[in-house]
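1. Here you go, sequence then predicted model.
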Amino acid sequence: MRRPDVIVIGAGSAGCALAGRLAASGERRVLLLEAGSGNRHPLITAPVAWPMASIDPRFGWGYQGESEQQLGGRGLDMPRGRLMGGTASINGMMYSRGQREDYDGWHAQGLDGWSYADVLPYFRRSEANWRGSTQWHGGGGPVAVTSNRRVPRLYDSLLAAARELGFDENQDFNGASQAGFGIPDFTVRRTRRESSATAYLKLPQVERHLAIRRQAQVSRIIVDHGRATGVELLQPQGPEVLQADEIVLAAGTFNSPHLLLLSGIGAADALRRHGLGVVADLPAVGCNLQDHPMVQMGYAASAPLGFEQRLRLDRLAGSALAWLLRIGGLLDEAPLGIQGFINRNDPAARPDTQFQVSFGSPMSRPWLPGWRKASPDTIGVGILQLDPQGRGVVELKSSDPLQSPAVKSNFLLDARDRQAAREMFAFVRRFFGSAAMQTLVGPELMPGANVADEAEIDRFIANSLVSSAHPVGTCAMGNDPASSVVDSTLRVHGIDGLRIADASIMPTIIRGNTSAPAMMIGEKAADMMLGRNLPRAELPPSRSPADIQSHLETFS
């Protein structure tokens, strides 16, 4: 490719959506840079293998957070994908948009064009949903969104427990309401993982206008007289400079602020401490980090659930053959029993918690009589706080671009988050203590019924709480350069020719998984750059203006 019009840094959920749409328009020559490699390994393409893919060092950045005293002195694992498709090539593939009030809350903060009525058309345009085209879904987009298998006995018992606690079934978490229990949708296409790389980079006409460079580690963005003009790549033979009319950072919530800081864009004092020149004094770079803290618990199953039995080596071989032939079966299923979006204390209130019950185990592995015993049948629980109050930070450790940034989650520092974690822990016990669960579960394995008083529960939470791998917010949108990094058109304050398009631009975290919203951001960013805009969706009135006001107060 001759000199590109646009360089996109990062081939993750947003980056591939943006690059694919720009190239498919025929109006931009695009160069997409990815620090990692391809995404065709079976651990990536087989949906059931995602827990192994997410921890495999070949596919990730290997980030670990800084030691945090309130987390028992631990540094949290921060899985981020370093390959085509980004983290969407190693995540659990769940398709979730968040809540209408999340986006209406952004709009209420003065971010024009980001209400739910504004962004829903981009969600719909991106989807090839198994339901077809509806008011809430798209049927002809590039991203395949499919349903997952319900395990009848397990699902029915779990749903009965939910109803016992006052919660209804929800057949579509991305429809009129998010609240309730059911099975979420997943990004899977004909038994293979779907990511924005497998979807958007195959749009018609893309190949004519898109070039991709893998193993392309960007060390900084070049800014000349207030305008971004190119990027510098690390190469064995020395730095390589690539130029374009516009640069878009889509490197993710950790890497986008890190690259800005390495380029002299950030808080002036911090830049000088590391010997970097100040290109633009933007103190909000790297601040406002948000994520969903997750409490994990586990129970013994009172009877076989079927998953471990299907891992018997001869049966697994048959499943592998079926998967290779794209027939389906174990290898393209997520071992999820049920999911709920709930309010911890009031079934009728806006959901503040995501509750997931799985029937696999970290110990699950192939087995065969006479060779290895089957793992015990267990029921795993992950319960996520969707309304975190704490704010973390991404900072420089040094001016060396190969040195990872310092990441602090600041989970549990805020007293409201500590109380939320206690409430989530109590909800899990209430759920599994329901009458409907008594024929399904045995003893509590993690942490165990002996962990009973508040001090013991707090200690367990501090030593086991994990990240849900939904980081956002470190290059937040806003109208004030003192407290934000980009404006509502995703342009970096004070720097011409530079935008950011990934989950880092979210001013407040959405109440759901972040891959689908990142793709929406990429879709919308492409239209902004092309001077286009999809018409706003016609929506029924929201529940009440108080919901939006409550959202703003929550994050004030």
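-> Received, thanks. As the structure is a prediction and not an experimental result, all values here were calculated from the model.

2. Which pLDDT value goes with R124?
-> pLDDT for R124: 98.

3. Just the element for it, please.
-> Using DSSP states H and E, the secondary-structure element containing R124 is helix 116-126.

4. For that helix, which helices and strands make contact with it?
-> When contacts are defined as 3 or more C-beta pairs under 8 Å, 6 or more residues apart in numbering; DSSP states H and E, helix 116-126 packs onto helix 100-108, helix 515-530. Any C-beta I mention is one placed from the backbone N, CA and C, and that applies to glycine too.

5. Report the angle between the first one and helix 116-126.
-> Put plainly, it is helix 100-108. What separates the directions of helix 100-108 and helix 116-126 is an angle of 120 degrees, with axes from the mean of the first three to the mean of the last three C-alpha atoms, to 10 degrees.

6. any idea of the angle helix 100-108 forms with helix 515-530?
-> Using the same axes, to 10 degrees, helix 100-108 lies at 30 degrees relative to helix 515-530.

7. ok so, going back, mean neighbour count, the helices and strands packed on helix 116-126: which tops it?
-> Each of these was scored by mean neighbour count; the highest is helix 515-530, a mean of 25, by mean count of other C-beta atoms under 10 Å.

8. hmm, back to that, indicate which one of the helices and strands packed on helix 116-126 is closest to A455.
-> Closest of the helices and strands packed on helix 116-126 to A455 is helix 100-108, at 34.7 Å (criterion: C-beta to C-beta).

9. can you pull the alpha-carbon coordinates of that closest one into CSV?
-> Extracted C-alpha coordinates of helix 100-108, given in CSV (Å, rounded to 0.1, in the frame of the first residue of the first chain):
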residue,chain,number,x,y,z
ARG,A,100,-30.1,1.8,28.0
GLU,A,101,-29.5,4.1,31.1
ASP,A,102,-25.7,3.7,30.7
TYR,A,103,-25.7,5.4,27.3
ASP,A,104,-28.4,7.9,28.2
GLY,A,105,-26.3,8.8,31.2
TRP,A,106,-23.4,9.6,28.8
HIS,A,107,-25.7,11.8,26.8
ALA,A,108,-26.9,13.6,30.0
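
10. roughly how far is it from the heart of the chain?
-> With C-alpha atoms, centre = their mean, to the nearest Å as the basis, the distance from the averaged C-alpha position of helix 100-108 to the chain average is 19 Å.

11. What mean pLDDT does it get?
-> Per-residue pLDDT over helix 100-108 has a mean of 97.

12. which helices and strands does it pack with?
-> In terms of contacts (3+ C-beta pairs under 8 Å, 6+ apart), helix 100-108 is packed against helix 116-126, helix 545-554.

13. Can you show me the strands along the stretch 351-500 of the chain?
-> 353-358, 378-385, 393-395, 406-408, 441-446, 466-467, 498-500 (DSSP state E, counting those that start in this stretch).

14. Would you point to the one among those strands that's packed deepest?
-> Among those - counting mean count of other C-beta under 10 Å - the highest mean neighbour count belongs to strand 498-500, which has a mean of 26.

15. Find the nearest non-adjacent residue to L316, please.
-> Closest residue to L316 in three dimensions, ignoring its sequence neighbours and counting by C-beta to C-beta, 6 or more residues apart in numbering: P366, at 5.4 Å.

16. who touches A176 in this structure?
-> The contact partners of A176, by C-beta atoms under 8 Å, 6 or more residues apart in numbering, come to W136, P540.

17. how near is it to R100?
-> Separation of A176 from R100 (C-beta to C-beta, to the nearest Å) stands at 9 Å.

18. do W136 as well
-> Computed with C-beta to C-beta, the distance linking W136 and R100 is 10 Å.

19. likewise T253?
-> In this structure, T253 and R100 are 23 Å apart, going by C-beta to C-beta.

20. likewise L539?
-> The span separating L539 from R100 equals 8 Å under the rule C-beta to C-beta.

21. How many residues are close by R273?
-> Look at R273: counted by other C-beta atoms under 10 Å, it has 11 neighbours.

22. likewise the one 5 residues further on?
-> For V278, the tally of surrounding residues (other C-beta under 10 Å) stands at 15.

23. what residues are up against the closest residue in space to T378 that isn't next to it in sequence?
-> The shortest distance from T378 to any non-neighbouring residue, by C-beta to C-beta, 6+ apart, is to S361 (4.6 Å). Listed by C-beta under 8 Å, 6+ apart, the contact set of S361 reads G298, E308, S375, P376, T378, G380.

24. Averaged pLDDT, the host helix or strand of the first one. What do you get?
-> I take that to be G298. For G298, the element it lies in under DSSP H and E is strand 293-301. Predicted confidence along strand 293-301 averages 96 (mean pLDDT).

25. Against which helices or strands is that strand packed?
-> Using 3+ C-beta pairs under 8 Å, 6+ apart, strand 293-301 sits against strand 378-385, helix 415-432, strand 441-446, helix 454-464, strand 466-467.

26. Please consider this matter closed, and thank you.
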